[in-house]
Each structure stands twice: as structure tokens, then as C-alpha cells.
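Peer 1: Here is my input, please return the structure:
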Amino acid sequence: MKKNIIIYFLLVAWFKHGFSQTPKPIFSLADSSINVYFGANLKTTMLLTNRRPAPSTGTAYLLLPKDATGVEGTFDINARASTIYLAADGPQMGSFKLGTKMVFYVIRDLSDPAYGLLPAMMYVDMKNDQWRFAVGQQVDVFSERIPNMIDGYFALASSGCVGNSSRGQLRATRFIETGKNSKLSITLAASQPVSTYFSKDLRNNSENNGVPNLEWAVKYETKKDDNAWVPFNAFELAISGITGSYRVFKNETIGGVIVNTRINKPQVNGICGEYALRLGKRFGIQGEVYAGQALGNYLGTILQTTKGDNDNEIRSKGFWTEATYFWQKNLQSRFGYGQDECNKQDLMGAGVWKNSTYFGNVIWEVNKTVSTGIELTHKSTQYLGLNDNQGVTFMWMYQYSF
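Peer 2: Numbers count the residues shown, from 1 in each chain. Predicted structure coming up:
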């Protein structure tokens, strides 16, 4: 997670530290070797736009086609970016340590203003210096890197940043020391394919193809420097991929009876290169570049997957890059750009073919509990068959963590 769009700003409180006297445990466990941690992020965001975003509930992935009235400004304020964290560490099983993590975020659906708790991560793992095995709801192995934006849900999704969604997985990682200050990691995962979907008229139903998606990643990185303010290593380089498929049932109503007439099997493929470079303790750059097809379920292809009666895959390519500068240890700025571009021919004359975003922000960690920040973005969304749109969004954030 790599850091990801759901939990990037999550801070964890460690109840065993910071007390003059040993506190009474919140949980009573039979095994005293297990440590339990709990934390939460209470986060309020305010969004102002001069063009209508989609969705309209505080997260602007892209802009809707230009409004004929010319009056397109929107306003939204909510606390749906809040998160709850629960984890356990231990016990020891031979050379492996067992652990678990659960992260819930306070949102049910980005297109629904109602609040709800959604499990973003819920897994059990066991690891040592050479191996890590994990099972449960986890973040994609494919394209794990993410920009540091105030809106952690958006994070340049549909503007060149793919992956970072959450799904069921079986995962194994091998760690290899390549030198005194560097290591290589190789990860392989079998993951949940596209979710089952039934259209209201039952004419277009999607489900998995009976086999899992395969995700993989190879990453080289130098060891962390505790004195650096930039939160990534001096050098990181990774390549990752995804391959899979799903099936779409095409049905027709014949004589009042729904009859299956065809089954399409779209192929999901993607490859991504990621990088990070830190220069000194204050400055760094990071980013990624990707290419693939039918990646709407992985926040690529501008959230589109297939087109036409035969469900032909939509191909796309994209990239993003971000520069980081720390003015002080608790005051930072991020500036970046990302774009996603679909193959025009695959859209068959209608759809979003290009989406791009410039952004800049200032984030101030007032103390270990409170942080705030502002962010300015410029978006451009280009359509086939509809009016293009471009505009500016302003976001403010206040966060209380414990």
C-alpha cells in the first residue's frame, strides 16, 4: 500500500507509549504476546469548484461535459474521508511473526451522500526478514505508488495513477538483500477479479471468469534514512503488472423470456513502471507511467473498461509525476501533474478520451494530532461526442488524529 488512496493520511496511536504510568489495557487477551493498536482519523474536507466534477460528493475524478447554462460552480463539505484503524501484532510462530490489520473508512459510495463504514483493508499476514505471506482484503500489488494529495480518494485516479483499489488477495513476497544499504522485493498475488454486476433489465450482466487476476511486482530500493524529511527512500524503482479476464452475459427478451444470446470475455492487462528519487532530506520526486486495457476496475482507462455489443477492450496509457519540498519538518508542499489518455478508436465515437490534472498544495502538521492544508488543482476533461470541460478546484482539509 504501498500508500494508497484510502488510507494515505492515516495516523496510528500507540497506547503503550507516552504515559507516565502503565494504562489499563482496552482489550483483555489470553495471549500476552499479542499487542493491539487502535487509531482514528477525523478528517473534514471542503471543496469549491468552478466546473461540475464527477462524482459531485467531494471527490473530483473528472469534469462533466460543459453546462449549457455556463453556471457550473459547486460546493461540498463533509467528513467522509475519516478512517478507523485496528491492528494486532504477534504472536511469534517460529521465525515468522503473525499480525493483522483492519482499516475502515467512513463512506459507502462516492456517488451516495449517505455515510457508512466500508472495510478498505482486512487481512492477516505472517512475515520474517525474507518472506511475507498475506490473505484477505488488501490494496493492489499492481501500481502501488500514490501522490500525496489532500484528497486521498482522488490521488490522480483517472489522471494517470492506476491501482490503489482494494480487493481480496492471496499474496506472497520474497525479500532479498542486494547490498549493505539496498534490497529487492518480488511479490506475486492472486486477486479478486471484477465484481459481479447485474443490470436492471438483466440484459448486461458481468461476473468473474472462474479464475483470479494475477498481479506481480518487482521493486528495488535503498534503505530508509531516519533523518530525511521526505517520506521515501533515496532511490526506488519498480515494475508491476496485472493480467486477468471476466465475462459479460448479453441477454435478450424473446417471447417475454430473458434468453442468453452471447458471452463476451474481455481481457484485463496492464504494466506500470514506478520511481522515486530523494535529494537530501528536503526534496524528492516520484511518479509512474502505465499502459493497459480494460483497467476501469483499477482506476485506469478514465474509469472505462469496454465498448460496444462485443465488449471490446478500451486501451489507455498514462503517467503522473510529483515534486516534494519540505519547508520545515512539519510543513511541506507537493506539486504535480498527471494524465490518462484512451485510444480514440476504442471509444467508438463516444466517451472520455483524455483527462489531466495539475495540482499544488501546502500541508501543515500543527502537532502530532492536528494537521491542515490547502490544495489547488486545474483539470481538463476531453470527450468524444460531447463538450470538453476545464476548470479549477480548491480544497481545504482539517484532520484530528488519535
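Peer 1: for this protein, where's the lowest mean pLDDT among helices and strands?
Peer 2: strand 197-198 (a mean of 54; mean pLDDT, DSSP states H and E).
Peer 1: Just after that one, pick out the following helix or strand.
Peer 2: Using DSSP states H and E, the helix or strand that follows strand 197-198 in sequence is strand 204-208.
Peer 1: That next one - contacts with which helices or strands?
Peer 2: Strand 204-208 sits against strand 197-198, strand 235-254, with contacts defined as 3 or more CB pairs under 8 Å, 6 or more residues apart in numbering; DSSP states H and E. In this view, the C-beta of every residue, glycine as well, is placed from N, C-alpha and C.
Peer 1: and Q293, which of those is closest to it?
Peer 2: Across these, Q293 has its closest neighbour in strand 235-254 (10.4 Å, CB to CB).
Peer 1: can I get the CA coordinates of that closest one in PDB?
Peer 2: Below are the C-alpha coordinates for strand 235-254, written out as PDB (Å, rounded to 0.1, in the frame of the first residue of the first chain):
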ATOM      1  CA  PHE A 235      16.200   5.700  -4.700                       C
ATOM      2  CA  GLU A 236      13.200   3.400  -5.600                       C
ATOM      3  CA  LEU A 237      12.500   1.700  -8.900                       C
ATOM      4  CA  ALA A 238       9.700  -0.800  -9.500                       C
ATOM      5  CA  ILE A 239       7.800  -2.600 -12.300                       C
ATOM      6  CA  SER A 240       4.400  -4.200 -11.800                       C
ATOM      7  CA  GLY A 241       1.700  -5.900 -13.900                       C
ATOM      8  CA  ILE A 242      -1.800  -7.200 -13.900                       C
ATOM      9  CA  THR A 243      -3.500  -9.800 -16.200                       C
ATOM     10  CA  GLY A 244      -6.900 -11.300 -16.000                       C
ATOM     11  CA  SER A 245     -10.400 -11.500 -17.500                       C
ATOM     12  CA  TYR A 246     -14.100 -11.500 -16.800                       C
ATOM     13  CA  ARG A 247     -17.200 -12.400 -18.600                       C
ATOM     14  CA  VAL A 248     -20.200 -10.400 -19.700                       C
ATOM     15  CA  PHE A 249     -23.600 -12.100 -20.400                       C
ATOM     16  CA  LYS A 250     -25.600 -10.500 -23.200                       C
ATOM     17  CA  ASN A 251     -29.300 -11.300 -22.900                       C
ATOM     18  CA  GLU A 252     -32.300 -10.600 -25.000                       C
ATOM     19  CA  THR A 253     -36.000 -10.800 -24.200                       C
ATOM     20  CA  ILE A 254     -37.700 -13.300 -26.500                       C
END
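Peer 1: how about the helices in this protein?
Peer 2: Taking DSSP state H, the chain contains no helices at all.
Peer 1: what's the distance between K265 and A217?
Peer 2: 26 Å (CB to CB, to the nearest Å).
Peer 1: From E341, how far out is the residue nearest the centre of the chain?
Peer 2: For the chain, N164 is the residue whose C-alpha lies nearest the centre (CA atoms, centre = their mean; 2.7 Å). Applying CB to CB, the value for N164 to E341 is 19 Å.
Peer 1: Then P231?
Peer 2: With CB to CB as the criterion, P231 and E341 are 29 Å apart.
Peer 1: Counting neighbours, go ahead and name the busier of these two.
Peer 2: E341 (19 against 15; other CB atoms under 10 Å).
Peer 1: Could you list the low-confidence segments of the stretch 201-350 of the chain?
Peer 2: Applying pLDDT under 70 to the stretch 201-350 of the chain picks out residues 201-204, 253-260.
Peer 1: now G338: how far from T45?
Peer 2: From G338 to T45 the distance is 20 Å (CB to CB).
Peer 1: Strands of the stretch 301-402 of the chain, residue ranges please.
Peer 2: For the stretch 301-402 of the chain, the strands defined by DSSP state E, counting those that start in this stretch cover 306-307, 312-313, 315-328, 331-342, 351-365, 370-384, 389-401.
Peer 1: out of those strands, which comes closest to G116?
Peer 2: strand 389-401 (20.2 Å).
Peer 1: what pairs with the closest one, and is each one parallel or antiparallel?
Peer 2: According to DSSP bridges, strand 389-401 has the following sheet partners: strand 35-49 (antiparallel), strand 370-384 (antiparallel).
Peer 1: which residues in the stretch 51-200 of the chain form strands?
Peer 2: 53-54, 62-63, 74-78, 83-93, 96-106, 117-127, 131-139, 166-179, 182-191, 197-198.
Peer 1: Who are the contact partners of the nearest residue to V162 once chain neighbours are set aside?
Peer 2: Spatial nearest neighbour of V162, chain neighbours left out: G300 (3.7 Å); criterion: CB to CB, 6 or more residues apart in numbering. Listed by CB atoms under 8 Å, 6 or more residues apart in numbering, the contact partners of G300 are 158, 162-163, 270, 290, 292, 316, 318, 340.
Peer 1: Would you list the phi and psi of G300?
Peer 2: Backbone dihedrals for G300, given as degrees, to the nearest 10, come out at phi -110, psi -170.
Peer 1: Could you check how far it is from Q382?
Peer 2: Distance from G300 to Q382, by CB to CB: 17 Å.
Peer 1: so what's M121 closest to, chain neighbours aside?
Peer 2: M121 sits nearest to V103 (CB to CB, 6+ apart), 4.1 Å away.
Peer 1: Burial check on that neighbour, number of neighbours?
Peer 2: Quick note: V103 (other CB under 10 Å) scores 25 neighbours.
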